[in-house]
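> I would like the atomic coordinates for the input below:
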Amino acid sequence: MCLRYFGITGRRAREEAAITGSWRGLRSIRSKLIATVLIVIALPTLIVLYSYFTTSVSVVEQEVYAANQSLIEQAALTINDKAKRMIQATYLLEADMAQSFGSNTFNWDYGNAEAMGAIFQIQKKMGYLRDILLDNSAFIGLVDAEGSVVTTLYNFNRQATGTIIREPWFKAGMEQKGYPYWERVYRLPVALGYTENAPDKEFMLLSRSFAFESSIRNWGLSVVAIPVSQFYGIPAKGLPDNTQLLVMDTAGALYDIYGKQQYSLTPEQLEDLRKSPSVTRKLSLGKETYLMNAASVPQVGISIVSLQRIGDFSAQLDNSRTKSIALFLLFFGVGIMIVIYILLRLTKPLYALVRSMSRVGSGNFSTKVEVRGKDEIAVLGSHFNKMVAQLEELVHHVAEEQRHKEEAHFQALQAQINPHFLFNTLNSIKLMAMLSGTNRNVSDMITALGKLMEFSMKQNTLFVTLGQELEYLELYMSLQKIRYHDDITVSIQVAEELLDCTVLKFTLQPLVENSIIHGSQLPLHIRIEAECTGPYLLIHIRDNGKGISEETMQVISNQLQQDHVKTSGIGLLNVDRRIKIHFGQACGILLSRPDGGGLQVTVRIPYRKELEG
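Numbering: from 1, shown residues only. Got it, this is the predicted structure:
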């Protein structure tokens, strides 16, 4: 058996091409794993993310509305508590007034020490009451029916006396007959010395009329006022920066905390608000749409309203959502890339194993798989390496066994040649001895036979030069000429430089003998020529015998092409088999029919001149 290995570069290219071609029709495990990750993990995650962000606007609106509503309701409770304390202050002030003055009016006569002392005493109590129930920015006061005033604002008292009865809240408070009257924005009169730049000049004012039991008429009013900024100050804490804080009256008019009207609800909007106050509400005012929160202040009879523009809210939400999506996609993309990288690393040994298996399939048993780690793939690679090593050793043993069989077969062929030749020659000698009366021919034949036997016994190698093979052939032909009475002639035309070429021993003699036996006519002329064509040496043996038919030549040619045809004897098939064993299937014997008749046998062997054992 002859194993031929090509150059490493050409072999590697063919192996890679074969591997690539075998993978084109496959769905690799790597692509399946990556597709599984993308379909099972990435796609559902992106779908959920898309669904979440498409519904996030309404969800966030509800959350923002709920948060703002909680703040507004807490603010309304705080404002309502302030209103309660203001009302409580009027009752306490009324009790102190009854105790200190009875039904008398105020007397600002500085000559009357007793009257002035009482006034200062009630002012002191007002200050205590203010500090306990309210804060020091508020003021408390009393106004009798003639317009005399006593308050915690000292510069207000005497200047406002006599003119206060013209204030709207005085007349409205007196008409309420003991019920609280609220003036949402009361500005201290500039005529009394309160300039435009004075701090806290706008007040939430409460006036309530009262009468003593001994009086047949209303005695006057109690007044409590807190700066507007303090009264509504708490709701501004915690609300978004772009939120408007407004006050709504029972008619649906919306004012800022300083009394300037901003918007007005339609009757339908107001009715809808009263029917479902807890629903997330979007309110269209003018050209804008707002997210509206409202909570009532029952003590005052107003509602606290916050308005947040949907446009500002959506812009802020979009900005936040864009940042969230970008951050999520960043981490998600990095995570997917890490997972895919891990999958590629995990499947890389499998691909190396497939490439090695393909190389082994193409006849390269020197390939090995790099084994790393102690996982299942590493164990598989280790067993694969052991299998390839055992397979390589087995192939080597098979090749050695085949080579030994071929050598034994050659020895058997050669053992066939020598007895067969000797048998034929002895028969010829016997025949000549019987038919010839002289001893001359017998002696010549025996002499030639001795030289042939000496040549055969001395040449223990498988190969000889073409010159030695032709010398052996001349000795053989000297015997045949005696046998056939010089009716057989041989002409040899071989160039001098080809005589040193290496040929397989006993190649030409069986072919010449085949021409003698199957030429079937005398006289017979055999012509031997040799030529070099590229890497091969061609030796032509041509005779002018009877030849063979086209069908017979085709049958013999087919037999020469078969590797395991059974042969017998030492003719064409055995010589062809010996040549192919040693030089490969590209060499051997070719048959052809010359134009002049007969048969031509061509021996093709490699052109080389070194002898091999």
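> For the closest residue in space to Glu610 that isn't next to it in sequence, the count of nearby residues, please.
Residue nearest to Glu610 in three dimensions, not counting chain neighbours: Thr502, with 6.4 Å by CB to CB, 6 or more residues apart in numbering. From N, CA and C alone the C-beta is placed, and that goes for glycine too. By the measure other CB atoms under 10 Å, the count of residues near Thr502 is 19.
> For the stretch 1-150 of the chain, give me the ranges with low pLDDT.
Scanning the stretch 1-150 of the chain for pLDDT under 70 picks out 1-28, 30, 53, 55-57, 98-112, 115.
> Quick one: the helices in it, in order.
With DSSP state H, counting those that start in this stretch, the ranges of helices along the stretch 1-150 of the chain come out as 8-24, 29-36, 43-100, 113-133.
> Just put the ones you listed in a markdown table and tack on mean neighbour count.
Listed next are the helices of the stretch 1-150 of the chain as a markdown table, based on neighbours: other CB atoms under 10 Å:
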| stretch | mean neighbour count |
| --- | --- |
| helix 8-24 | 12 |
| helix 29-36 | 14 |
| helix 43-100 | 16 |
| helix 113-133 | 15 |
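> any chance of these in TSV, plus distance to Tyr263?
Below are those laid out as TSV (distance: least, CB to CB, whole Å):
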stretch	distance to Tyr263
helix 8-24	72
helix 29-36	58
helix 43-100	17
helix 113-133	34
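> Go through the ones you listed and name the closest to Phe463.
helix 8-24 (30.0 Å; CB to CB).
> before we move on, back to that, was I right about the residue nearest to Glu610 contacting Phe463?
Yes - using CB atoms under 8 Å, Thr502 is in contact with Phe463, at 5.1 Å.
> And Ser264, its phi and psi?
Here is the backbone geometry of Ser264 (degrees, to the nearest 10): phi -150, psi 130.
> State the number of residues packed around it.
Neighbour tally, Ser264, other CB under 10 Å: 15.
> show me what contacts it?
Applying CB atoms under 8 Å, 6 or more residues apart in numbering to Ser264 gives the contacts Gly252, Ala253, Leu254.
> Can you tell me the SS state at the last one?
The one in question is Leu254. Secondary structure, DSSP: H, G, I helix; E, B strand; the rest coil: Leu254 is strand.
> and it, how many neighbours does it have?
By other CB under 10 Å, the residues close to Leu254 number 21.
> which ones are touching it?
Neighbours of Leu254 in contact, by CB under 8 Å, 6+ apart: Leu246, Val247, Met248, Gln261, Gln262, Tyr263, Ser264, Leu265, Val305.
> Distance of the residue nearest to the fifth one when sequence neighbours are not counted relative to Pro535?
Leaving aside its chain neighbours, Gln262 sits nearest to Leu254 (5.0 Å; criterion: CB to CB, 6+ apart). Look at Leu254 and Pro535: by CB to CB, to the nearest Å, they are 108 Å apart.
> before we move on, what about Asn364?
25 Å.
> Kindly report the same for Asn544.
To Pro535, Asn544 is 31 Å away according to CB to CB.
> higher neighbour count, these two?
Asn544 (18 against 9).
> re earlier: which stretch among the helices of the stretch 1-150 of the chain comes nearest Gln390?
Taking CB to CB, helix 8-24 is the member of these nearest to Gln390, at 21.0 Å.
> how close does the nearest residue to Asp96 once chain neighbours are set aside get to Glu370?
Of all residues not flanking Asp96 in the chain, Lys125 sits nearest, at 5.2 Å (CB to CB, 6+ apart). For Lys125, the distance to Glu370 (CB to CB) stands at 99 Å.
> what's the answer for Val64, then?
Relative to Glu370, Val64 is positioned 60 Å away (CB to CB).
> Tell me which stretches of the stretch 501-613 of the chain form helices.
Going by DSSP H, counting those that start in this stretch, the stretch 501-613 of the chain shows helices at 508-519, 550-561, 572-583.
> got TSV for the ones you listed, with mean neighbour count and distance to Leu380 too?
TSV is the format used below for the helices of the stretch 501-613 of the chain (neighbours: other CB atoms under 10 Å; distance: least, CB to CB, whole Å):
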stretch	mean neighbour count	distance to Leu380
helix 508-519	20	55
helix 550-561	12	43
helix 572-583	21	40
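> Of all those helices, which one comes closest to Ile482?
Nearest of those (CB to CB): helix 508-519, 13.1 Å.
> thinking again about what came up before, could the helices of the stretch 501-613 of the chain go into TSV alongside mean pLDDT and distance to Ala76?
Listed next are these as TSV, based on pLDDT from 0 to 100; distance: least, CB to CB, whole Å:
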stretch	mean pLDDT	distance to Ala76
helix 508-519	83	126
helix 550-561	78	110
helix 572-583	84	111
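> where exactly do the helices run in the stretch 251-400 of the chain?
267-275, 310-361, 376-435.
> Of those helices, which is nearest Met292?
helix 267-275 (8.2 Å).
> Convert the closest one to CSV, retaining C-alpha atoms only.
Presented in CSV, the C-alpha positions along helix 267-275 are these (Å, rounded to 0.1, in the frame of the first residue of the first chain):
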residue,chain,number,x,y,z
PRO,A,267,-70.3,75.0,34.0
GLU,A,268,-69.8,71.6,32.4
GLN,A,269,-66.2,71.4,33.7
LEU,A,270,-67.3,72.5,37.2
GLU,A,271,-70.1,70.0,37.3
ASP,A,272,-67.8,67.2,36.1
LEU,A,273,-65.3,68.1,38.8
ARG,A,274,-68.0,67.9,41.5
LYS,A,275,-69.3,64.6,40.3
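> which ones are touching Tyr341?
Contacts of Tyr341 (CB under 8 Å, 6+ apart): none.
> Could you check how far it is from Tyr179?
In terms of CB to CB, Tyr341 sits 79 Å off from Tyr179.
> Nearest residue to Ser207 in space, please, no chain neighbours.
Ser207 sits nearest to Gly173 (CB to CB, 6+ apart), 3.3 Å away.
> Confirm for me that the one you found is in contact with Phe210.
No - at 10.0 Å, Gly173 does not count as touching Phe210 under the criterion of CB under 8 Å.
> higher neighbour count, these two?
Neighbours were counted for Gly173 and for Phe210 using other CB under 10 Å; Gly173 has more, 28 against 21.
> That one belongs to a helix?
Yes - counting by three-state DSSP, Gly173 is found in a helix.
> Quick one: residues contacting it.
Neighbouring residues of Gly173 by CB under 8 Å, 6+ apart: Tyr181, Ser207, Arg208, Ser209, Leu221.
> correct me, but Val223 touches Asp144?
No - using CB under 8 Å, Val223 is not in contact with Asp144, being 11.8 Å away.
> When the two are compared, which one has more neighbours?
Legend: neighbour count by other CB under 10 Å for Val223 and Asp144, higher for Val223 (29 against 21).
> is that one in a bridge, and if so with what?
Gly141, Ser207 (DSSP bridges).
> measure it to Phe139 for me?
Going from Val223 to Phe139 by CB to CB gives 8 Å.
> what's the overlap in contacts for those two?
Counting by CB under 8 Å, 6+ apart, the contacts common to Val223 and Phe139 are Thr151.
> Give me the neighbour count for Gln308.
With other CB under 10 Å as criterion, Gln308 counts 22.
> Please list all residues in contact with it.
Applying CB under 8 Å, 6+ apart to Gln308 gives the contacts Val64, Asn68, Pro240, Asn242, Thr243, Gln244, Tyr290, Leu291.
> If anything else comes up later, I'll come back, but that's it for now.
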